[in-house]
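Trainee: Got a predicted model here, sequence first, then my questions.
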Amino acid sequence: MTDLTHVQRIRQAMPATTRQIYLNTGTFGPLPEPAIQAIQAYFEKQYQQGRIGADAFEEMGNTYNSARTSAAHLLHANDGEIALTDNTGEGLNIISFGLDWREGDEVITTNHEHISALAPLYQLRDRYGIVIRMADIGPVAERPAEAAIAELITPRTRLIVLSHVAWTTGAVLNVGAVGALGREHGIPVLVDGAQSAGAIPIDVKALDVDFYAIPMQKWLCGPDGTGALYTRRESLPLINCTYVGYFSIKHEEDVEWALNDNALRFELGGRQTAAIAGQTAVLNWLEQTVGHEWLFERISSLNTYACQALQTVPGLTLLTPQPGASGLASFTLADQDVTTVVEQLREKHNILIRSIPSMKSLRISTGFYNTEGEIDAVVKALRGIVA
């Protein structure tokens with residue numbers, strides 16, 4: 001099977017990719033057919049057979065277990081180290097609020113973090129009086145994060161929070177080096193994997209980080225309201241549960257109250273189980289049909305192609321410091337309002353990208369389903385706008 005045929009078959013399974021030039025996976029990825037089929041099948045079974053009874057409860061439990069196992073396999077985690085979440089932000093909140101904070105305690109993050117990572121820290125600052133120390137990793141996240149973070153560590157540092165891939169520019173931060181830094185100083189490391197999961201290979205064991213939160217709806221092209229949180233088994237005792245429910249506890253005779261001994265303690269209760277079935281289906285499809293190695297290489301090569309092609313546009317300044325390192329390409333366009341450019345591309349050319357208001361920049365995502373021809377079309381349209 002040639003790459004072209006492979007791409008065509010993938011695009012047929014993702015109709016949204018053929019209705020427009022879809023270059024905004026970093027916000028929402030297009031849903032593939034297997035996810036829709038799994039969701040529909042689960043709903044149909046509930047509709048026909050009901051949602052109670054031993055068989056229904058067994059199927060629900062199996063659906064959750066399959067999703068945890070699939071997410072663990074993606075991240076190269078062990079069984080019992082994955083909790084299902086609604087999104088990246090839930091995972092980041094679980095860990096951020098799980099530490100026993102005291103006034104004056106410090107957390108280190110970077111100047112390229114998404115509000116999903118920053119919001120819990122701001123809330124902790126307002127509630128407990130913690131100090132947020134911001135590591136400056138440069139205007140486009142080009143400075144080594146481990147060096148910038150090391151400068152800010154003090155005896156009061158309790159947590160390090162950073163992204164694996166900067167949502168602003170697509171820079172890949174060396175979270176492995178930060179993990180080693182945290183281990184050296186006895187500081188847990190929490191990683192925002194919103195722009196990395198499904199875009200670049202992830203091995204949480206090799207990275208040696210404590211916590212890693214991911215969404216499904218972006219590069220993994222999964223249903224809304226699905227995600228996962230990795231908790232290193234040895235780091236589990238560091239985190240207190242902020243909220244608990246049926247899934248959090250052991251259900252054993254003569255045990256009135258005991259939390260599960262694994263990451264399941266962070267799950268409150270039942271979620272939209274049909275969506276969880278879709279989560280498992282898309283993770284299996286990405287691995288078995290699309291192919292992890294192929295899709296990571298495809299995203300990288302398209303990103304390299306896009307970064308080179310974009311720089312031929314007059315007045316365009318590329319912000320992405322490592323072309324091909326991730327699936328995001330970020331740039332500015334001289335004398336152009338970024339919101340207007342996004343609207344023009346959508347309305348006149350049927351091209352979907354996004355702006356990054358804080359950077360006054362534009363960002364495209366090179367998904368594994370995109371083509372070089374689509375990138376050429378974006379470049380042509382941008383040339384027309386600046387002309």
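Mentor: Sure thing, it's come through.
Trainee: Could you use CA atoms for every contact and neighbour count after this?
Mentor: Noted.
Trainee: now the helices for the stretch 101-250 of the chain?
Mentor: 115-128, 145-150, 175-185, 204-207 (DSSP state H, counting those that start in this stretch).
Trainee: right, and those - which one's nearest Asp335?
Mentor: helix 115-128 (27.4 Å; Cα to Cα).
Trainee: Quick one: mean pLDDT for the closest one?
Mentor: Regarding helix 115-128, the rounded mean pLDDT is 98.
Trainee: re the thing from before, I'd like to know which of the helices of the stretch 101-250 of the chain is closest to Ser70.
Mentor: helix 204-207 (14.4 Å).
Trainee: what's in contact with that closest one?
Mentor: 75-77, 175-177, 179, 212 (Cα atoms under 8 Å, 6 or more residues apart in numbering).
Trainee: again with stretch 38-45
Mentor: 273-275, 277-278, 281.
Trainee: Restricting the selection to alpha carbons, write that stretch to PDB.
Mentor: The C-alpha coordinates for stretch 38-45 follow below in PDB (Å, rounded to 0.1, in the frame of the first residue of the first chain):
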ATOM      1  CA  ALA A  38     -18.700   2.300  18.400                       C
ATOM      2  CA  ILE A  39     -20.700   5.100  19.900                       C
ATOM      3  CA  GLN A  40     -23.800   4.300  17.900                       C
ATOM      4  CA  ALA A  41     -23.500   0.600  18.600                       C
ATOM      5  CA  TYR A  42     -23.300   1.200  22.300                       C
ATOM      6  CA  PHE A  43     -26.300   3.600  22.300                       C
ATOM      7  CA  GLU A  44     -28.300   1.200  20.200                       C
ATOM      8  CA  LYS A  45     -27.700  -1.700  22.600                       C
END
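Trainee: Pull out the buried residues from that stretch.
Mentor: Neighbour counts using 16 or more other Cα atoms under 10 Å place 38-40, 42-43 of stretch 38-45 among the buried residues.
Trainee: before we move on, the earlier item: just the contacts of stretch 38-45: which are in helices?
Mentor: 273-275, 277-278, 281 (DSSP state H).
Trainee: any idea which of the residues you listed has the most stuff around it?
Mentor: Counting neighbours by other Cα atoms under 10 Å, the top entry in the ones in helices among the contacts of stretch 38-45 is Gly278, with 29 neighbours.
Trainee: Can you tell me the closest non-neighbouring residue to that residue?
Mentor: Among residues not flanking Gly278 along the chain, Ala35 sits closest, at 4.3 Å (Cα to Cα, 6 or more residues apart in numbering).
Trainee: That neighbour reaches Leu286, doesn't it?
Mentor: No. Counting by Cα atoms under 8 Å, Ala35 sits too far from Leu286 to count as a contact (10.7 Å).
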